[in-house]
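> this one's sequence-less:
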């Protein structure tokens, strides 16, 4: 039953890949986190300053977010937490399931290569080189997602046990946090560069989005990890509230594009409407999978496969925002 089911602990982890000094890793994570939150705090306090990436700093999106993911993984590993892979044993699953599980490595790998070459082509030969920096946040999404799956499959992810007795991967929540934050930056940059007036309230929307993202995934992790029932329920409620608020902010930014004069004039407003509806539906796949897994209706392998499907759908949708913005 929900919140009562217990399973055996996950399989023993593979040998440690690397052992880095924990104080150095912790310091690096604190520095990156401080850099991320500093402009958000300044904006919430009403001080001047830009929260979004600029044309000059957009390139830092991919290395910073990917490094943050790697640092969290190695810091947890150095702290002595076990690691395991969500992949099933060989010959213990169907060919279709194996294809689903490996699809993010192939899909996001190809997307990352495509985006990198597109950025190089636009930067060197494109007629509108001033728009090449838009590729960086999207590359950040694909790079962090690809890194998470490659790291998880080849070396194992740090594995805890959640309150239901199922494997819990903390780095998965870090991956969601950094990739969703990068998605917010990508949509913002697209809206900002559109000809005509800048959408009203765009800066404030991004500030709130970048604040809601870490709150959503941090409380979601605590809802799964906390053993006591009522504190876990409090974390769960907070996570759902932050999730719905974060999604509402993303939909608001998409709606700003949908109602922008340049998009209406170009006849692309219906495409933005379709993307907005699709995001509303697809993003709810993540909490649905969480609830189904908590009710012990699927195995950990199927749970991971469902998250893979949600990842692919959610992140491919943002590509359509870029395509719909072409006039």
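Perfect, I can see it now. Note that the coordinates shown come from a computational prediction; the quantities given were computed from them, not determined experimentally.
> what secondary structure does the residue lying farthest from the centre of the chain sit in?
Distance to the chain centre peaks in the chain at residue 265, reaching 32.2 Å (criterion: Cα atoms, centre = their mean). At residue 265 the chain is in helix, as set by DSSP: H, G, I helix; E, B strand; the rest coil.
> Next one: it, what pLDDT does it get?
In the predicted model, residue 265 carries a pLDDT score of 86.
> Equivalent analysis for residue 13, please.
Confidence score, pLDDT, at residue 13: 48.
> swap in residue 50?
Looking at residue 50, its pLDDT is 59.
> and if you look at residue 189?
So residue 189 comes in at 82 (pLDDT).
> Compute the distance between it and residue 147, please.
Distance, residue 189 to residue 147, using Cβ to Cβ, to the nearest Å: 22 Å. (Each C-beta comes from the backbone N, C-alpha and C, glycine too.)
> And residue 158, its phi and psi?
With angles defined as degrees, to the nearest 10, residue 158 sits at phi -60, psi 130.
> Repeat that for residue 273.
Here is the backbone geometry of residue 273 (degrees, to the nearest 10): phi -60, psi -40.
> Count the residues that sit near it.
Each residue near residue 273 was counted by other Cβ atoms under 10 Å, and the total is 14.
> wait, it sits on residue 258?
Yes - Residue 273 is in contact with residue 258 according to Cβ atoms under 8 Å; the separation is 5.8 Å.
> Pull up the overlap in contacts between these two.
Common contacts of residue 273 and residue 258, defined by Cβ atoms under 8 Å, 6 or more residues apart in numbering, are absent altogether.
> any chance you could map the strands in the stretch 101-250 of the chain?
Applying DSSP state E, counting those that start in this stretch to the stretch 101-250 of the chain gives strands spanning 157-158, 160-161, 167-168.
> Show me what the second one pairs with in its sheet, parallel or antiparallel.
Partner strands for strand 160-161, per DSSP bridges, with pairing direction: strand 167-168 (antiparallel).
> and the strand it pairs with, how far from the chain's centre?
Relative to the centre of its chain, strand 167-168 is centred 18 Å away, using Cα atoms, centre = their mean, to the nearest Å.
> about what we covered before: hey, which of the strands of the stretch 101-250 of the chain is tucked in deepest?
strand 157-158 (a mean of 26; mean count of other Cβ atoms under 10 Å).
> any idea of the mean pLDDT for it?
Rounded mean pLDDT across strand 157-158 is 90.
> what residues does it touch?
Applying Cβ under 8 Å, 6+ apart, the external contacts of strand 157-158 come out as 73, 76-77, 81-86, 148, 151, 169-172.
> Just the buried residues out of the residues you listed, in ChimeraX syntax.
Selection command for ChimeraX covering only the buried members of the contacts of strand 157-158, criterion 16 or more other Cβ atoms under 10 Å:
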select :73,76,77,82,83,84,85,86,148,151,169,170,171,172
